[in-house]
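Student: need the 3D shape of this:
(one chain, ligands or ions: 1)
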Amino acid sequence: MKVPLLDLKAQYRTIRDEILKVTEQVYESQYFILGPHVETLENEIAEYCATQYALGVSSGTDALLISLMAASVGPGDQVITSPYTFFATAGSIVRVGARPVFVDIDSETYNISPQEVENALFGMNEAERARVKALMPVHLYGQCAEMEPILQIAAKYNLCVIEDAAQAIGSEYDGKRAGSMGDFGCFSFFPSKNLGAFGDGGIVTTNSREHYEQLKTLRVHGSRPKYYHRFIGGNFRLDALQAAIVSVKLKYLDGWSRGRQENANNYRILFAEAGLDEIQLPVEKQNRHIYNQFIIRVPEKRDELRQFLQQEGIGTEVYYPVPLHLQECFAYLDYKKGDCPVSEQAATHTLAIPIYPELTDDQQAYVVQKIKEFHV
Ligand SMILES: *Cc1c(COP(=O)(O)O)cnc(C)c1O
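Tutor: Residues are numbered from 1 along each chain as shown. Take a look at the predicted model:
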């Protein structure tokens, strides 16, 4: 049996006619950059995320970058974030000239530990603390970071909060939607996210009119009115084609997220039946986990298990094998092995197994059966 990590063709088959119809509309209009389809999507996403505003941008990475620019984070500034995330989180901080400060994660959710954030700030001298401008929590794998203490710390130290919600559209913390709690919410429409485009794309949410206006100006090279530049922005625009496709898919998002949640529950039953107690399943601390990934923790022989599953036709992935504080390009930051031990251990233990909504019961049973076979 073949069980890919993600099967986008299965999803496409269910929405093909609608997609072809809207894309044809875009072709007929020959209007490709921003425009009415992008505005419609922005309104829909703002409503979905329960925010005042949303601004379509070119990718999740650019959502982070433009938010940092709008927050006036720049050279000499520092941003506290997680080392256990996709590279773009920290990459965007460096690209605006600031310095990422990595603090360790919670061992159960893999999200940034508020206690470690507090410790990091407490351990700084006054001058250093004054350079910290923002917190960038990541809602990893589809579960929100512990936002209440994070927002409290931000208020205490007067810090901007930029949520990296690329993996978490529709997830909730205490009834609040991802992207609606901080100053900026950054989302990605990369095809493997729960709401994926047919190419690159992203969106930023905010409740601040001022931030929204700033983002909108920065999206078009800081130009307002056209050809008059008070700021240096970039080309951070979203294509009409991608917006039209994402709008179609948004209608199905809650159904797909439910499918992922049902698959997660099914895995819990199957793992329990198989008696695979040594494998830790995702710990749900927030009440709406949307399972962009289903991460199992394999304390021993993770890589051998991965290889075995591969041979048996099962797709898996390691998110992420090298925590960011140990990446070669960040050597100048002077972190060393042991600085973020929980992240370092997670990097050697975690394994993503298939969770996409179209996954069948038989496929799930096969995945668990093969994991069991490896362990006996
Ligand atoms: C995917 C992702 C991004 C970047 O999104 P792109 O659209 O690929 O640029 C940023 N942060 C996290 C946590 C992601 O998973």
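Student: burial count for the residue in the stretch 1-150 of the chain that the ligand sits nearest to?
Tutor: Proximity of the stretch 1-150 of the chain to the ligand (CB to the nearest ligand atom) peaks at Gly60, 2.4 Å away. (Each C-beta comes from the backbone N, C-alpha and C, glycine too.) The local packing of Gly60 (other CB atoms under 10 Å) involves 27 other residues.
Student: for the closest residue to it other than its chain neighbours, which residues are in contact?
Tutor: Spatial nearest neighbour of Gly60, chain neighbours left out: Ser188 (2.4 Å); criterion: CB to CB, 6 or more residues apart in numbering. Remark: with contacts taken as CB atoms under 8 Å, 6 or more residues apart in numbering, Ser188 is in contact with Ser59, Gly60, Thr61, Ala63, Ala166, Gln167, Gly201, Gly202.
Student: the longest helix seen in the chain: which residues count as buried?
Tutor: As assigned by DSSP state H, the longest helix anywhere in the chain is helix 240-274. By neighbour count on 16 or more other CB atoms under 10 Å, the buried set for helix 240-274 is 240-247, 249-250, 252-253, 256-257, 259-261, 263-264, 266-267, 270-271, 274.
Student: list the helices and strands the helix or strand just after that helix packs on?
Tutor: Next helix or strand after helix 240-274 toward the C-terminus (DSSP states H and E): strand 294-297. Counting contacts by 3 or more CB pairs under 8 Å, 6 or more residues apart in numbering; DSSP states H and E, strand 294-297 packs against helix 240-274, strand 350-353.
Student: in a markdown table, list those along with distance to the ligand and mean pLDDT.
Tutor: Shown next, in a markdown table, are these (distance: least, CB to the nearest ligand atom, whole Å; pLDDT from 0 to 100):
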| stretch | distance to the ligand | mean pLDDT |
| --- | --- | --- |
| helix 240-274 | 11 | 98 |
| strand 350-353 | 12 | 98 |
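Student: what about Glu44, helix or strand, and which?
Tutor: With DSSP H and E as the test, Glu44 turns up in helix 36-48.
Student: list the buried residues in that helix.
Tutor: Buried, per 16+ other CB under 10 Å, within helix 36-48: His37, Val38, Leu41, Glu42, Glu44, Ile45, Ala46, Tyr48.
Student: ok, now how distant is the first one from Ser59?
Tutor: When distance is defined by CB to CB, to the nearest Å, His37 is 17 Å away from Ser59.
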